[in-house]
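J.: For reference, the sequence and a predicted model appear below.
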Amino acid sequence: MKNLLASIYLSVSLAVTSAFTSVAHAAVPAAATTAITGIQTDGTAMIDAGWPVAAALVGGFILIKLFKKVMGKVS
């Protein structure tokens, strides 16, 4: 009896979920596409803006290491 009741609940929940999904699916794509495109554009802009900063940091660390190495040999 418990298995029969559980299978009925599962069937009803799947039917309700699929009904809501089909209704929501029609309204989502335009908004989702716009949102994802906006996020992608912003992410690309942030990455493009970050490369000079990353290059400056790496270059600075390399120069500091070289300076320390030279100063260690001179001392």
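T.: Thanks, I have it.
J.: alpha carbons only for contacts and neighbour counts from here, please
T.: Will do.
J.: And the helices in the chain?
T.: 2-74 (DSSP state H).
J.: Where does pLDDT dip in it?
T.: Applying pLDDT under 70 to the chain flags residues 1-7, 9-10, 12, 14, 16, 18-28.
J.: try 90 this time
T.: 1-36, 73-75 (pLDDT under 90).
J.: Roughly how far does residue 8 sit from residue 17?
T.: 14 Å (Cα to Cα, to the nearest Å).
J.: now swap in residue 29 and tell me
T.: 18 Å.
J.: Could you do residue 40 as well?
T.: Counting by Cα to Cα, the gap from residue 40 to residue 17 is 30 Å.
J.: do the same with residue 49
T.: Distance from residue 49 to residue 17, by Cα to Cα: 43 Å.
J.: And for residue 68?
T.: 65 Å.
J.: what's around residue 63, how many residues?
T.: 12 (other Cα atoms under 10 Å).
J.: what's the answer for residue 35, then?
T.: For residue 35, the neighbour count with other Cα under 10 Å is 12.
J.: Good, wrapping up.
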